[in-house]
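**Q** sharing a model that was predicted from the sequence below.
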Amino acid sequence: MRGFIADIEDLTTDNGDFRRVLYTGRNLQLVLMSLKPGEEIGLEVHDDRDQFFRVESGSGEVVIDDETTPIADDDGIIVPAGARHNIVNTGDKPLKLYTLYGPPEHVDGTVHRTKADAETHHEHFDGRTTE
């Protein structure tokens with residue numbers, strides 16, 4: 001089958017990994033994320049890609065270019081290319097979300113079980129897609 005079809009809410013809420021790449025196309029990538037209480041993605045900038053986040057469970061805050069906004073279940077966030085951004089789990093349970101990068105950011109199939117793993121083994125998209 002071409003493409004990707006699944007219950008993204010269940011996949012997201014069941015995910016316990018800091019980062020898990022589910023699907024990589026030529027122009028778009030689907031990634032699950034889970035942040036522990038007090039954990040954050042870390043301040044970052046993607047100069048050449050837009051990013052969409054959807055919160056499935058938990059609460060936190062998003063920072064985009066120094067503006068902080070609370071986030072919770074069912075919130076969607078768009079971060080335009082070039083914007084400095086971070087997501088922080090300010091709640092007392094895991095913050096479960098998925099993100100879409102356009103174009104892809106990570107190597108297809110990447111799994112970072114922890115944030116430390118992600119910081120140690122971060123490899124950028126190499127042009128290979130899921131299909």
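**A** Looks like it came in fine.
**Q** helices along this protein, start to end?
**A** In the chain, the segments counted as helices under DSSP state H are 8-14, 115-120.
**Q** go through these and name the closest to Asp126.
**A** helix 115-120 (16.6 Å; C-beta to C-beta). Placement of C-beta: from N, CA and C, glycine included.
**Q** so for that closest one, mean pLDDT?
**A** Rounded to a whole number, the mean pLDDT of helix 115-120 is 92.
**Q** show the end-to-end separation of stretch 55-70, please.
**A** Taking C-alpha to C-alpha, to the nearest Å, stretch 55-70 runs 11 Å from one end to the other.
**Q** actually stretch 9-21, not the one I typed
**A** First-to-last residue span, stretch 9-21, C-alpha to C-alpha: 15 Å.
**Q** average pLDDT for that stretch?
**A** Mean pLDDT, computed over stretch 9-21, is 98.
**Q** in it, what's buried?
**A** Leu11, Thr12, Thr13, Asn15, Asp17, Phe18, Arg19, Arg20, Val21 (16 or more other C-beta atoms under 10 Å).
**Q** then stretch 78-97?
**A** Neighbour-count burial for stretch 78-97, counted by 16+ other C-beta under 10 Å, picks out 79, 83, 85-91, 94-97.
**Q** out of the buried residues of stretch 9-21, who's nearest Glu61?
**A** Among these, and counting by C-beta to C-beta, the member closest to Glu61 is Phe18, at 17.9 Å.
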